[in-house]
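Chemist: Structure for this input, please:
(chains A and B)
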Number of protein chains: 2
Amino acid sequence: MTDINMIGAAAKRMAGHVRVTPLLSSPFLDEIAGRPLFLKAECLQHTGSFKFRGGWAAVSALSPEQLAKGVIAFSSGNHAQGVANAAAKHGAKAVIVMPSDAPQVKIENTRALGAEVVLFDRETEDRNEVADRTNPNGDMHLIKPYDDVMVIAGQGTTGLEIASQARVEGITDADVIVCCGGGGLTSGIALALEAEAPNFTVRTAEPEEFEDVARSLISGKIESNVRRSGSLCDAIISPAPGDITFPILKRLCGPGMVVTEDECLHAMALAFERLRIVIEPGGAAALAAALFHGDKINTDSVIAVATGGNVDAAVFQLALSKFGPNS
Amino acid sequence: MTDINMIGAAAKRMAGHVRVTPLLSSPFLDEIAGRPLFLKAECLQHTGSFKFRGGWAAVSALSPEQLAKGVIAFSSGNHAQGVANAAAKHGAKAVIVMPSDAPQVKIENTRALGAEVVLFDRETEDRNEVADRTNPNGDMHLIKPYDDVMVIAGQGTTGLEIASQARVEGITDADVIVCCGGGGLTSGIALALEAEAPNFTVRTAEPEEFEDVARSLISGKIESNVRRSGSLCDAIISPAPGDITFPILKRLCGPGMVVTEDECLHAMALAFERLRIVIEPGGAAALAAALFHGDKINTDSVIAVATGGNVDAAVFQLALSKFGPNS
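Modeler: Numbers count the residues shown, from 1 in each chain, chains lettered A, B, ... in the order given. Now for the predicted structure:
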């Protein structure tokens, strides 16, 4: 199981390779939120999301023998790019298995980051069969997107930075809201803050109709989403919290927060105007919760994690058209 | 005259108040530039531009007596917001004189940052008369946008950070390209790098038809722009380099670089896609020079300063429509 020592060890392996992302703020956002609001801008991480941390932590923990055999991951999104770039920087081969209907730009970006991309047909092929075909002897090390102790340790380094940056800012009482898919980042941050900022409470943020984690935290057992796709917040949609991540979330997190897609678009437009950063819809869920659901927060300050910034121009333009400073 | 000791002293007064902005990079941008490219993201500074540094340095250097009398500045743009916020955080009154045809959102933002805004009619009123009317006894301290030794010292702290961050990245040979209006930031950075990274050469970037500094560097004397307005890059348009700044630029800078408005829009779209930050057109001139005019650069690496990110949604959408990842 991931613990604070593993997170500290991951941070040592990552030093100088993973970006220490800034903690941003604006008096205009404080006013909307009704309290000092700080944004951990993980959209500024290499490859545009926190996934690079988990990728680096997992790859850098491998033996030279395993690095020579390479790594494999299944993803059409941020995890693909994070693993591809981390592997390339270790000189290790990475195979990324992506659905053939993934956006062409994501396929090209993953290839450009040095990975071999294997496409499969979601309608006619089984993912496990593709895995067997692509990695027949199991030689390549599989890096899972969240239910992986080393990946959780890597994502947890975000929490170490939050604790340290919060001390500099003088923040002593805060909810830390994290956009949550499978729970890798949230559980990692929760473990880091349990050790380094035990006063803080980690909260999850999810889009409406995909609030599997919020429901799981209420029922105390793993609940699944009914729908699996069709959200603008696709980057943080996963079927259910993980077997490894959920016990951590259950032990350490406060009640989950739920936001609408429009609130995410509005948060993106405010981040554009007031913080000058680009956030993807799923990556804006925590900021949306901090801005528009302050009634569910009881702390002096709030820290929101912007988990990623890989967004099509058309979706970003939609956010600006609906909620931008011209409107 | 501003010197490295004044810049160091300004940095001490600014510690904990001014944001240390990150030095960002992307392998995709390196490929376009033909060399490692690093972007100093000063658009992430408080109030969205480097102007906050100069404002803070100038206000924090005042005596308690002068602080009690307040400060005054003339600006409709980034300098207005930088001075307003810096004064407010010192508990000092700030009067910002703005043309009455300035965009309403800029007037509102400046007021929201705590300043008193005095409007004047550009057609019928003389700026000096407005100054006399607003500040009749000259009690309030005037903070000029660039030709001010204390403002230059504040902007120079950007150079101290660049030198330090370049050492961490292992950059030993680089041109440092700075979007240049009146030359306050460029001269400050040049003075800081002369002391802290003497191998680096500072270069200016300006939009076509407003390349007063590039022409001044060629002729060796202060040259003026013929046109004074009508550029998308309005944030970095000034009539001519300053009497204080130009001698510094002349002594320390390499040849000026000139870019087109379309190149600035293209650089904005690439910064959106690859770095997930928001840059205004004028603030993207240096990045555009680094990306698209590599033939005029002879160093191993290049560092571009993104000077600001205060851009209307409509202009940003124009950049995305023309050059965004969907196009």
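
Chemist: Can you show me the strands along the stretch 151-300 of chain A?
Modeler: A:174-179, A:201-207, A:257-259 (DSSP state E, counting those that start in this stretch).

Chemist: pLDDT averaged over the longest one, what's the number?
Modeler: Per-residue pLDDT over strand A:201-207 has a mean of 98.

Chemist: Stretch A:80-88 now?
Modeler: 96.

Chemist: hey, which of the strands of the stretch 151-300 of chain A is tucked in deepest?
Modeler: strand A:174-179 (a mean of 30; mean count of other CB atoms under 10 Å in any protein chain shown). In this view, the C-beta of every residue, glycine as well, is placed from N, C-alpha and C.

Chemist: what's the spacing between it and its chain's center?
Modeler: 13 Å (CA atoms, centre = their mean, to the nearest Å).

Chemist: So which elements touch it?
Modeler: helix A:149-169, helix A:184-196, strand A:201-207, helix A:285-292, strand A:301-306 (3 or more CB pairs under 8 Å, 6 or more residues apart in numbering or on different chains; DSSP states H and E).

Chemist: Return the residues of chain A in contact with chain B.
Modeler: Within chain A, the positions near chain B by CB under 8 Å from any CB of the partner chain are A:16, A:19-22, A:24, A:27-28, A:41, A:43-44, A:48, A:85, A:105, A:109, A:112-113, A:168, A:269, A:272-273, A:275-279, A:309-310, A:312-314, A:316-317, A:320-321, A:324-327.

Chemist: what do you get if the cut-off is 6 Å, keeping everything else the same?
Modeler: Within reach of chain B by CB under 6 Å from any CB of the partner chain, chain A has these residues: A:22, A:43, A:48, A:105, A:272, A:276-278, A:309, A:312-314, A:317, A:320, A:324-326.

Chemist: Does the residue in the stretch 51-200 of chain A positioned nearest to chain B lie in a helix or a strand, and which?
Modeler: Per CB to the nearest CB, A:Val105 is where the stretch 51-200 of chain A lies closest to chain B, at 5.9 Å. In the assignment (DSSP states H and E), A:Val105 maps to helix A:104-112.

Chemist: what's downstream of that helix, the next helix or strand?
Modeler: In N-to-C order, the element after helix A:104-112 by DSSP H and E is strand A:116-120.

Chemist: Show residues contacting the worst-scoring helix or strand of chain A on mean pLDDT.
Modeler: The helix or strand of chain A with the lowest confidence, counting by mean pLDDT, DSSP states H and E, is helix A:127-134 at a mean of 84. With CB atoms under 6 Å, 6 or more residues apart in numbering or on different chains as the test, helix A:127-134 has contacts from A:95, A:97, A:118, A:120.

Chemist: and which of the residues you listed is nearest B:Val178?
Modeler: A:Val95 (42.8 Å; CB to CB).

Chemist: Pretty sure the closest one sits against A:Val71.
Modeler: No: with contact defined as CB atoms under 6 Å, A:Val95 does not count as touching A:Val71 (7.5 Å).

Chemist: More neighbours: the two, which one.
Modeler: A:Val71 (26 against 21; other CB atoms under 10 Å in any protein chain shown).

Chemist: Which strand residues bridge the more buried one?
Modeler: A:Ala94, A:His141 (DSSP bridges).

Chemist: ok, so what distance separates it from A:Glu169?
Modeler: Separation of A:Val71 from A:Glu169 (CB to CB, to the nearest Å) stands at 37 Å.

Chemist: same check, this time on A:Phe292
Modeler: 23 Å.

Chemist: and those two? which has more neighbours close in?
Modeler: More crowded of A:Phe292 and A:Glu169, by other CB under 10 Å: A:Phe292, with 20 against 15.

Chemist: Skipping its backbone neighbours, what lies nearest the more buried one in space?
Modeler: Nearest residue to A:Phe292, sequence neighbours excluded (CB to CB, 6 or more residues apart in numbering or on different chains): A:Glu263, at 5.1 Å.

Chemist: pLDDT score assigned to the one you found?
Modeler: 98.

Chemist: That one: neighbouring residues, count only.
Modeler: A:Glu263 has 23 nearby residues by other CB under 10 Å.

Chemist: What separation do you get for A:Arg167 and B:Ala9?
Modeler: 26 Å.

Chemist: Actually, A:Ala286.
Modeler: 39 Å.

Chemist: the more surrounded of those two?
Modeler: Legend: neighbour count by other CB under 10 Å for A:Ala286 and B:Ala9, higher for A:Ala286 (34 against 17).

Chemist: quick one: contacts for that one?
Modeler: A:Ala286 touches A:177-179, A:205, A:304-305, counting by CB under 6 Å, 6+ apart.

Chemist: Turn the contacts of helix A:127-134 into JSON lines, columns for pLDDT.
Modeler: Putting the contacts of helix A:127-134 into JSON lines (pLDDT from 0 to 100) gives the following:
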{"residue": "A:Val95", "pLDDT": "96"}
{"residue": "A:Val97", "pLDDT": "94"}
{"residue": "A:Val118", "pLDDT": "94"}
{"residue": "A:Phe120", "pLDDT": "90"}
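
Chemist: Can you lay out those as JSON lines showing distance to B:Leu142?
Modeler: Listed next are these as JSON lines, based on distance: CB to CB, whole Å:
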{"residue": "A:Val95", "distance to B:Leu142": "63"}
{"residue": "A:Val97", "distance to B:Leu142": "63"}
{"residue": "A:Val118", "distance to B:Leu142": "65"}
{"residue": "A:Phe120", "distance to B:Leu142": "67"}
